[in-house]
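A.B. asks: dropping a prediction and its sequence here:
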Amino acid sequence: MTEDHDERALKVLEKAVYRAQELLAKTQKFKPFLMILNDDGTIEIIENEIEESTQSYAALGDTLRTRVKKGDVDVMVMAVDTLIPENFVKDVPSSIRLHLEEKSQIDKSVAARFIYVPYTLHRIKENGEVFTKLHTPIPVGFPAEYIIKK
């Protein structure tokens, strides 16, 4: 992977984490969302109105499959508020899970990653505001599911 590919993927990951962090601070939860970096360098955020998290995530996956067929998806990140699997959890079970796939990794057998970003919510006593503290991310590699060779 070239540095340019790394930078593009990190840009999308960073935006997704900050967005999830903001939503968690506002409402203490967030619905799944999809971020796509298009070939032209623009970033799209895709959401849906489905309240149930698993169904919402599955619908985003269907939307993504349709978009990938167009061929303009360079990097995709699907974010969901979830628990970290027991075999990976350290001290904090709640996490922002980011499903990352990149067009530049299409030839690799382990071309996708789940990045679990553990978080804790803290309330500031003086004003009652909530802030989201992020902990050390946990990466897990696996074969790509969406951006694959045809």
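C.D. replies: Looks like it arrived, so ask away.

A.B. asks: which residues touch the nearest residue in space to Lys29 that is not next to it in sequence?
C.D. replies: Using Cβ to Cβ, 6 or more residues apart in numbering and skipping the chain neighbours, the partner closest in space to Lys29 is Asp81 (5.6 Å). Yep, even glycine has a C-beta here, placed from its N, CA and C like the rest. Asp81 makes contacts with Ala20, Leu24, Lys29, Phe30, Lys31, Pro32, Ser53, Ser94, Ser95, Ile96, Arg97, as judged by Cβ atoms under 8 Å, 6 or more residues apart in numbering.

A.B. asks: ok, so of these, who is nearest Ile106?
C.D. replies: Checking the contacts of Asp81 against Ile106 with Cβ to Cβ, the nearest one is Arg97 at 22.0 Å.

A.B. asks: pretty sure that closest one contacts Tyr119?
C.D. replies: No - using Cβ atoms under 8 Å, Arg97 makes no contact with Tyr119, being 10.8 Å away.
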